[in-house]
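Visitor: model the structure of this input:
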Amino acid sequence: MSNKLISEMNLPQSIANIFAARNILTAKDALSLPEIDLMSLLDVGLKEVNLAIARISEVACPPYQTAFSLMEDRVRKEAFGGHLSTSLVGLDNVLCGGIPFGVLTELVGPSGIGKTQFCLKLSLLAALPASYGGLNGRVIYIDTESKFSSRRMIEIGENSFPQIFRSEGMAQEMAGRIVVLRPTSLSEFTESLHQMKLKLLQHEVKLLVIDSMAALALLTGENERSMGTSRQSSLRLPLPFLKSLAEFSRIPIVVTNQVRSQSGDGSFHYSFQGQNSDFRISERLESHLTAALGIQWAHAVTIRLVFEAHSGQRFIKVAKSPISPPLAFPFIVSSSGISLLSDDGIEIMGQEISTIHCLGQNILDM
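Guide: Numbers count the residues shown, from 1 in each chain. Prediction:
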């Protein structure tokens, strides 16, 4: 905004002409000079200078919002569908509704831990009719590792939502709402993103899944290293666009990421609380693995869910969230997809297991 032309700011023509004659052409040119210098250069009084600077500042400076207005906006957006439910009640509770719209959510974990199973279930939930808790929309699933299985997706649907998937033609209809793309390079992936921006709105797309970005980066990195190109530099291009795409479309974007071994003694530790509502059980879960793609991706995502095995048990960990403390939920992968377990190892079939008050909700109710 600092490069905005003064001639486009609707100043009085006499003042605008003087600015142009003195070669003060942009907002930056005018705002960089003290008032006394502007009075001398423009040969006008302090009142005229102050009026001109006030107008230039008003146009050049971006609009601001208070913390309270931002909170109101978030609650208003959530009232009109701000989250995609995961159907895992405890996880939905701590995330204040599920996977949030308009931001990047990252799933991190080793191969075979359950990330793709989680994505398949999310895809079904986004495609389901609203009367069954879904978003009644379409899904774009970018499958970079050829792990997407339509047979497994239908199996999850038949076991999770038998009243829908066992009706004649409904399985085909649900599957028809999920579009699978398989780009073979980062450039092809980036081109697809740019082409789909308007299609996200035109075709009522309610979820974008990228499974996995790390695999695509690794494939592209191998090709680029043979040409002497840095993989890390090539990864910087999609990040800002992905974030703007999420904000523009107001849909959840879920990206899976792989892990790699942490070299040397630099292992890191997460401390997570148990899933019971009184939080008296606390367990320290340690990891010698770190997320691929580096710190740039870690800062870019709003929600990071870590999938990890510990002492023979799988856990979903809320490792990064602006509204939730670090929490760990034990889970299993079954015929109906991912299911959470209670403290005694019994599969949880929908009862409420955790209660977290969303940030700002109580303030707005006062």
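Visitor: what's the mean pLDDT across stretch 169-182?
Guide: Stretch 169-182 shows a mean pLDDT of 87.
Visitor: from the chain's centroid, how far away is that stretch?
Guide: 23 Å (CA atoms, centre = their mean, to the nearest Å).
Visitor: what's in contact with that stretch?
Guide: By CB atoms under 8 Å, 6 or more residues apart in numbering, the list of residues contacting stretch 169-182 from outside reads 123-124, 127-128, 137-144, 146, 148, 150, 153-154, 157-158, 164-165, 192. For glycine as for every other residue, the C-beta is placed from the backbone atoms N, C-alpha and C.
Visitor: among these, which ones are buried?
Guide: Among those, those scoring as buried are 123-124, 127-128, 137-144, 148, 153-154, 157, 164-165 (criterion: 16 or more other CB atoms under 10 Å).
Visitor: of the contacts of stretch 169-182, which belong to helices?
Guide: 123-124, 127, 150, 153-154, 157-158, 164-165, 192 (DSSP state H).
Visitor: and which of those residues is nearest to residue 330?
Guide: residue 124 (22.5 Å; CB to CB).
Visitor: I figured that closest one hits residue 153, correct?
Guide: Yes: under the criterion of CB atoms under 8 Å, residue 124 makes contact with residue 153 at 6.5 Å.
Visitor: residue 59 - nearest residue in space that isn't next to it in sequence?
Guide: Leaving aside its sequence neighbours, residue 59 sits nearest to residue 9 (CB to CB, 6 or more residues apart in numbering; 4.7 Å).
Visitor: right, and the one you found touches residue 54 too?
Guide: No: contact criterion CB under 8 Å: residue 9 and residue 54 do not qualify, at 11.0 Å.
Visitor: tell me which of these two has more neighbours.
Guide: residue 9 (18 against 10; other CB atoms under 10 Å).
Visitor: which residues sit in contact with residue 146?
Guide: Counting by CB under 8 Å, 6+ apart, residue 146 has contacts residue 182.
Visitor: center of this protein - which residue?
Guide: Nearest to the mean C-alpha position of the chain, counting by CA atoms, centre = their mean, stands residue 104 at 1.2 Å.
Visitor: quick check: that one touching residue 243?
Guide: Yes: judged on CB under 8 Å, residue 104 makes contact with residue 243 at a distance of 6.3 Å.
Visitor: quick check: neighbours shared by those two?
Guide: residue 300.
Visitor: okay, now the domains of the chain?
Guide: 12-60, 67-365 (automatic domain parsing).
Visitor: okay, and for the stretch 101-250 of the chain, where does confidence drop off?
Guide: In the prediction, the stretch 101-250 of the chain carries residues with pLDDT under 70 at positions 198, 201, 219-237.
Visitor: can you map out the helices along it?
Guide: For the stretch 101-250 of the chain, the helices defined by DSSP state H, counting those that start in this stretch occupy 115-127, 150-160, 162-165, 170-176, 186-202, 213-225, 231-234, 238-249.
Visitor: what's the most buried one of those?
Guide: Ranked by mean neighbour count, those are led by helix 115-127 with a mean of 25 (mean count of other CB atoms under 10 Å).
Visitor: sweet, I'm off.
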